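S.K.: Fold the stuff below for me.
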Amino acid sequence: MGNLWNPFRKNEATPEGVFVVAQLNAQVQPVDRYEYYEAPMAEILQEAGLGEVTGGGTMLLADHAGIQYCDLEILTQDTSPQTLAFLRNALESLGAPKGSLLKVDGLEDMPIGKAEGMGIYLNGTDLPDDVYATSDVNEVIETCEALMEGIGAFRGHWDGNTETGLFFYGESYGLMKAAVTEFVENYPLCARCRFEQVA
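M.R.: Predicted coordinates for the structure are as follows:
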């Protein structure tokens, strides 16, 4: 377990209602969590008149070795089966990955999420210096996104001490990996990288 990294949460009086925590199995930075999940979910709730997003956080692994998950705090008027189903469907429409949960005090956690996740971990220490000097990680991201158009999309990254993780989410890990494998095998910066299914 790690520390809750949560730079956007505000110290405000607790509003009236029932809190639901959407724990998303997504390895995304706070700014990406806000863009892909928090802001659009707030808009969906406002349009439906069912509540609001009151905050969000990102849980880091021990020693800040990566992101474990992120979460959204959602304030609703009730936690009826219909409301929870609405929240599940809304989050899944935004790409909530498999292994995510809706958590309500006093109720059993509700599994949610349909998207699968793929991590490409670039080796940051063992390649020739000229590869790091002449290669561009943004080219890796943009090319992979183009190759998996309609299948998956880039959602975040993590810079570690020895490798950089690039995280893509979509309908199928297998399809995403198949779409980018030839490029990854031939782009110098991807030498000695590894794939991992992260959701």
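
S.K.: buried set for the host helix or strand of R33?
M.R.: Assigned by DSSP states H and E, R33 belongs to helix 30-33. Residues 30, 32-33 are the ones in helix 30-33 that count as buried (16 or more other C-beta atoms under 10 Å). Where C-beta positions appear, they are placed from N, C-alpha and C, glycine not excepted.

S.K.: same question, stretch 34-53
M.R.: Those buried within stretch 34-53 under the rule 16+ other C-beta under 10 Å are 34, 36-38, 40-42, 44-45, 50-51, 53.

S.K.: Just those: which are in helices?
M.R.: Within the buried residues of stretch 34-53, residues falling in helices by DSSP state H are 40-42, 44-45.

S.K.: any idea which element the residue located most distally from the centre of the chain lies in?
M.R.: Checked against the mean C-alpha position of the chain, the extreme residue using C-alpha atoms, centre = their mean is D130, at a distance of 31.8 Å. For D130, the host element (DSSP H and E) is helix 129-134.

S.K.: pLDDT on that helix, on average?
M.R.: Averaged across helix 129-134, the pLDDT comes to 96.

S.K.: Please shift the residue numbers so they start at 359 in all later answers.
M.R.: Renumbered: residue one is now 359, and that last one reads helix 487-492.

S.K.: can I have it written out in CSV, keeping just the CAs?
M.R.: What follows is helix 487-492, C-alpha atoms only, in CSV (Å, rounded to 0.1, in the frame of the first residue of the first chain):
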residue,chain,number,x,y,z
ASP,A,487,23.2,6.8,-24.8
ASP,A,488,22.6,7.8,-28.4
VAL,A,489,19.3,6.0,-28.4
TYR,A,490,18.1,8.2,-25.5
ALA,A,491,19.5,11.3,-27.1
THR,A,492,17.9,10.8,-30.5
